[in-house]
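J.: model the structure of this input:
(one chain, ligands or ions: 1)
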Amino acid sequence: MKLEFFKYQGTGNDFVIIDNRQDIFPKNDTKLVAELCDRRFGIGADGLMLLENDEASDFKMVYYNSDGGQSTMCGNGGRCLVAFAHYLGVIGETCTFNAVDGLHEATVDGDIVKLKMIDVDEVHEMPNHIFLDTGSPHHVQLVKNLPQFDVQKEGKRLRYGLYGESGSNINFVEQEDGDVFQVRTYERGVEGETYSCGTGVTAVALAMHESGKTSSSEVHIKTLGGDLTISFEKSGEKYSNVYLKGPAIQVFKGEVEC
Ligand SMILES: N[C@@H](CCC[C@H](N)C(=O)O)C(=O)O
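T.: Sure thing, here's the model as predicted:
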């Protein structure tokens, strides 16, 4: 069959997107998802998303990592899917959508999508790292000389060594200045470094605030693929009104035989 697809990127985190409102996609075919995401034999992407109908919101987000497995929340993916829904005319400038971690709100302003993330009330501080769940699990670790750091080797070692088969995403961080941080992320399910990770930079922003590296409630993150801003409120132990903001852009569209 011929399948129409769209390719989007959010700060270099790239996705194949399919309009599945008519239920055309074989959702359990993990091999097909992995093939479509393959950068040499397929379209190429860090993940694949389906936009589906939802009774309780404007649409439903279904997310797969590039290994073909359905996974937990993808922040950049969510922003790209909102841009796609806007492009299709499914939504105007504001929307709500359901994802694996619950209901999200978002706004669109040109190429910029601002996405409300889940509340976070547990931030686990260890001697050398911080662990928290922002819709997906994240290990956050400060390092020196981030541009030279071996993210692939260390990320893979920690992803399996510390977190076992189910794993965690691994974020390496270096403070640039005040509320500005550079971040590089090893993503589980991609099993490699991506150019950016939305739930990852959100985790970094909250972790840097929790550990006192910044007192600002608006944090700016530089990734390999561009800049993202995270804002939040903290009351007691809880981070709420957490927003992830940055560009989400359509790259191309096409048809693939599958
Ligand atoms: N790139 C994503 C995170 C995608 C999910 C992750 N790989 C996992 O399986 O936990 C983002 O932008 O948040």
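J.: alongside the ligand, which residues does the protein contribute?
T.: Residues of the chain found near the ligand (C-beta under 6 Å from any ligand atom) are 13, 65, 71-72, 74-77, 136, 169, 187-190, 194, 197-200. Bear in mind the C-beta positions are built from the backbone N, C-alpha and C, glycine included.
J.: out of those residues, which are inside strands?
T.: Counting by DSSP state E, the part of the residues of the chain next to the ligand found in strands is 13, 65, 169, 187, 194.
J.: by neighbours, which of these wins?
T.: Neighbours here are counted as other C-beta atoms under 10 Å. On that basis the top member of these is residue 13, with 32 neighbours.
J.: that one - nearest residue in space that isn't next to it in sequence?
T.: Taking C-beta to C-beta, 6 or more residues apart in numbering, and ignoring the residues beside it in sequence, residue 13 has residue 76 as its nearest neighbour in space, at 3.9 Å.
J.: got the contact list for that neighbour?
T.: Taking C-beta atoms under 8 Å, 6 or more residues apart in numbering as the criterion, residue 76 is in contact with 10, 11, 13, 15, 196, 197, 198, 246, 248.
J.: where do the helices of the stretch 101-250 of the chain begin and end?
T.: In chain order, the stretch 101-250 of the chain shows helices spanning 151-161, 198-210, with DSSP state H, counting those that start in this stretch as the criterion.
J.: and the longest one, how far out from the chain middle?
T.: The reference is to helix 198-210. Here the centre of helix 198-210 is set off from its chain's centre by 12 Å, with C-alpha atoms, centre = their mean, to the nearest Å.
J.: strands of the stretch 51-200 of the chain, start to end?
T.: Secondary structure of the stretch 51-200 of the chain (DSSP state E, counting those that start in this stretch): strands at 59-65, 94-99, 102-109, 112-116, 123-125, 130-133, 137-142, 169-177, 180-187, 192-194.
J.: of all the residues in the third one, which ones are buried?
T.: Yep, that's strand 102-109 we're talking about. Taking 16 or more other C-beta atoms under 10 Å as the basis for neighbour counts, the residues of strand 102-109 that come out buried are 104, 106, 107, 108.
J.: need those residues in a markdown table with pLDDT and distance to residue 45, can you?
T.: Rendered in a markdown table, the data for the buried residues of strand 102-109 read as follows (pLDDT from 0 to 100; distance: C-beta to C-beta, whole Å):
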| residue | pLDDT | distance to residue 45 |
| --- | --- | --- |
| 104 | 98 | 21 |
| 106 | 98 | 21 |
| 107 | 98 | 25 |
| 108 | 98 | 21 |
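J.: need the max-distance pair from these.
T.: Of all pairs drawn from the buried residues of strand 102-109, the one with the longest distance (C-beta to C-beta) is 104 and 108, at 13.1 Å.
J.: so residue 244 bridges to which residues?
T.: The residues listed as beta-bridge partners of residue 244 by DSSP bridges are residue 115, residue 230.
J.: that one contacts residue 230, doesn't it?
T.: Yes. In this structure residue 244 lies within contact range of residue 230 using C-beta atoms under 8 Å: 5.7 Å.
J.: name the residues contacting each of these two.
T.: Contact criterion C-beta under 8 Å, 6+ apart; residues bridging residue 244 and residue 230 by contacting each: 201, 202.
J.: okay, residue 193 and the ligand: tell me how far apart.
T.: 11 Å (C-beta to the nearest ligand atom, to the nearest Å).
J.: if you could redo that for residue 175, that was the one I meant.
T.: Look at residue 175 and the ligand: by C-beta to the nearest ligand atom, they are 21 Å apart.
J.: for the nearest residue to residue 198 once chain neighbours are set aside, give me its contacts.
T.: Computed as C-beta to C-beta, 6+ apart, the closest residue to residue 198 that is not its neighbour in sequence is residue 75, at 2.1 Å. With contacts defined as C-beta under 8 Å, 6+ apart, residue 75 is in contact with 115, 117, 134, 135, 197, 198, 199, 200, 201, 202, 244.
J.: please repeat the previous calculation with a cut-off of 6 Å.
T.: 198, 199, 202, 244 (C-beta atoms under 6 Å, 6 or more residues apart in numbering).
J.: and what of residue 146?
T.: Counting by C-beta under 6 Å, 6+ apart, residue 146 touches 174, 182, 184.
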